[in-house]
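S.K.: No letters, just coordinates:
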């Protein structure tokens with residue numbers, strides 16, 4: 001009995017429920033289990049690696065694009081300064097000959113009762129223009145040849161020599177609209193493509209433009225009799241109009257009958273400083289030296305502000321208040337310069353078109369009153 005009582009308690013078999021060894025791992029094993037779980041959770045799947053690589057590549061591409069964009073932005077003014085001929089391309093845009101594929105010898109595709117002409121302003125330079133008839137001569141024009149159109153210039157209807165802005169051709173839509181509106185309103189309209197534009201030969205230059213317009217002006221005056229001849233310049237063409245008129249006055253003693261400047265600037269340097277494209281460069285260090293001063297190095301001046309102080313021709317300035325290309329304050333400034341310099345103040349007039357009309361830079365001809373505005377001006381300066 002004593003032996004029985006003193007016998008040690010029987011231990012439960014290892015691994016059985018309730019045994020200490022089988023109940024779980026040791027304290028060190030228990031602590032290691034969560035650590036292993038955390039390590040397993042930190043391990044990335046192949047998909048996560050791929051996503052991370054893609055994010056890195058996208059970030060790198062964005063950084064590269066930003067860097068390339070900055071280099072291009074910063075290098076353009078230096079390119080312009082180094083190659084003034086590049087600036088001439090930007091200003092004249094004659095290579096942008098829209099609409100494309102035009103047969104300029106068939107103006108009837110765009111305008112009825114219109115003939116295509118070519119003149120040679122100097123050896124090797126031939127330029128084209130369209131002559132649209134005023135409404136009151138159209139019926140009798142059927143089947144007539146070029147000589148009849150030339151004779152028609154002396155019929156006492158006023159004549160507009162239309163000098164367009166940069167880019168495009170005489171077939172560009174807003175120029176066709178202008179020609180139609182003004183010829184419908186009783187004017188002969190001669191829409192010119194200077195050298196380097198459309199089907200005209202040669203390369204654009206300020207002096208070359210003047211030679212071309214002098215050529216057509218003298219050609220028209222030789223046929224116009226007592227008809228009033230108006231030089232009408234739009235945008236870039238305003239500088240061409242005043243350059244030509246100044247040359248005629250100073251070199252040949254001829255006063256142009258009348259000049260109309262649509263969306264003008266004071267000079268090409270001021271225009272370049274105000275057009276939308278240069279806005280991103282106006283705070284760029286050296287902008288004036290690298291870009292604006294290069295205008296002169298590229299032989300581009302178009303000094304409307306100096307020209308109008310010399311001219312004595314009646315001058316009508318038109319500008320739309322919502323012009324986003326040449327701001328209207330430049331047109332007003334030019335008017336003030338011309339008005340102050342003129343001996344006949346009433347011969348210098350300014351007409352502003354409200355922004356609510358939405359005419360912008362190119363579409364003053366959408367105003368149906370435009371022919372009447374010009375006629376009223378011509379009558380007031382007789």
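M.R.: Looks like it came in fine. None of the values given here were measured: they were computed from a predicted structure. Numbering: from 1, shown residues only.
S.K.: Buried residues in stretch 109-124, which are they?
M.R.: 110, 111, 113, 114, 115, 116, 117, 119, 121 (16 or more other Cβ atoms under 10 Å). All C-beta spots, glycine's among them, are computed from the backbone N, C-alpha and C.
S.K.: any chance of these in JSON lines, with distance to residue 271 and pLDDT too?
M.R.: Shown next, in JSON lines, are the buried residues of stretch 109-124 (distance: Cβ to Cβ, whole Å; pLDDT from 0 to 100):
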{"residue": "110", "distance to residue 271": "29", "pLDDT": "97"}
{"residue": "111", "distance to residue 271": "29", "pLDDT": "97"}
{"residue": "113", "distance to residue 271": "35", "pLDDT": "96"}
{"residue": "114", "distance to residue 271": "31", "pLDDT": "98"}
{"residue": "115", "distance to residue 271": "33", "pLDDT": "98"}
{"residue": "116", "distance to residue 271": "31", "pLDDT": "98"}
{"residue": "117", "distance to residue 271": "30", "pLDDT": "98"}
{"residue": "119", "distance to residue 271": "28", "pLDDT": "98"}
{"residue": "121", "distance to residue 271": "25", "pLDDT": "98"}
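S.K.: Of those residues, which is the nearest to residue 242?
M.R.: Relative to residue 242, the closest of the buried residues of stretch 109-124 is residue 121; by Cβ to Cβ it sits at 18.4 Å.
S.K.: count of residues packed around the closest residue to residue 99 other than its chain neighbours?
M.R.: Leaving aside its chain neighbours, residue 99 sits nearest to residue 171 (5.9 Å; criterion: Cβ to Cβ, 6 or more residues apart in numbering). Using other Cβ atoms under 10 Å, residue 171 has 24 neighbouring residues.
S.K.: got the residue ranges for the strands in the stretch 101-250 of the chain?
M.R.: Secondary structure of the stretch 101-250 of the chain by DSSP state E, counting those that start in this stretch: the strands cover 114-122, 125-132, 159-163, 188-193, 229-234.
S.K.: out of those strands, nearest to residue 90?
M.R.: Evaluated over the strands of the stretch 101-250 of the chain, closeness to residue 90 peaks at strand 229-234, with 18.5 Å, by Cβ to Cβ.
S.K.: Show me what that closest one is packed up against.
M.R.: Judged by 3 or more Cβ pairs under 8 Å, 6 or more residues apart in numbering; DSSP states H and E, strand 229-234 is in contact with strand 159-163, helix 206-221, helix 236-252, strand 258-262.
S.K.: can you redo these as CSV with mean pLDDT and mean neighbour count?
M.R.: Formatted as CSV, the helices and strands packed on strand 229-234 follow (pLDDT from 0 to 100; neighbours: other Cβ atoms under 10 Å):
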stretch, mean pLDDT, mean neighbour count
strand 159-163, 98, 25
helix 206-221, 98, 20
helix 236-252, 98, 22
strand 258-262, 98, 26
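S.K.: circling back to that earlier point, now the buried residues of stretch 109-124 as JSON lines including distance to residue 159?
M.R.: Formatted as JSON lines, the buried residues of stretch 109-124 follow (distance: Cβ to Cβ, whole Å):
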{"residue": "110", "distance to residue 159": "20"}
{"residue": "111", "distance to residue 159": "16"}
{"residue": "113", "distance to residue 159": "15"}
{"residue": "114", "distance to residue 159": "14"}
{"residue": "115", "distance to residue 159": "14"}
{"residue": "116", "distance to residue 159": "17"}
{"residue": "117", "distance to residue 159": "13"}
{"residue": "119", "distance to residue 159": "15"}
{"residue": "121", "distance to residue 159": "19"}
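S.K.: Widest-spaced pair of the residues you listed?
M.R.: Pairwise distances across the buried residues of stretch 109-124 (Cβ to Cβ) peak at 26.0 Å, for the pair 113 and 121.
S.K.: rewinding a little: format the strands of the stretch 101-250 of the chain as CSV; extra columns: distance to residue 283.
M.R.: Listed next are the strands of the stretch 101-250 of the chain as CSV, based on distance: least, Cβ to Cβ, whole Å:
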stretch, distance to residue 283
strand 114-122, 42
strand 125-132, 40
strand 159-163, 34
strand 188-193, 37
strand 229-234, 30
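S.K.: closest one to residue 357 among those strands?
M.R.: strand 229-234 (16.9 Å).
S.K.: list the contacts for residue 164?
M.R.: Residues touching residue 164, when contacts are defined by Cβ atoms under 8 Å, 6 or more residues apart in numbering, comprise 170, 172, 175, 191, 192, 193, 234, 235, 236, 237.
S.K.: Now flag whichever of these is closest to residue 98.
M.R.: Of these, the one sitting nearest to residue 98 (Cβ to Cβ) turns out to be residue 172, at 6.3 Å.
S.K.: Could you report the pLDDT at the closest one?
M.R.: Looking at residue 172, its pLDDT reads 98.
S.K.: ok, back up a step: what's the closest of the helices and strands packed on strand 229-234 to residue 356?
M.R.: Closest to residue 356 of the helices and strands packed on strand 229-234 is strand 258-262 (Cβ to Cβ; 18.9 Å).
S.K.: Could I get the full set of helices for the stretch 51-200 of the chain?
M.R.: With DSSP state H, counting those that start in this stretch, the ranges of helices along the stretch 51-200 of the chain come out as 84-92, 146-152, 173-184.
S.K.: how about a markdown table for these, with mean neighbour count and distance to residue 132 added?
M.R.: Formatted as a markdown table, the helices of the stretch 51-200 of the chain follow (neighbours: other Cβ atoms under 10 Å; distance: least, Cβ to Cβ, whole Å):
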| stretch | mean neighbour count | distance to residue 132 |
| --- | --- | --- |
| helix 84-92 | 17 | 25 |
| helix 146-152 | 15 | 10 |
| helix 173-184 | 20 | 4 |
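S.K.: Those helices: which one's closest to residue 377?
M.R.: helix 173-184 (13.3 Å).
S.K.: Understood, closing this out.
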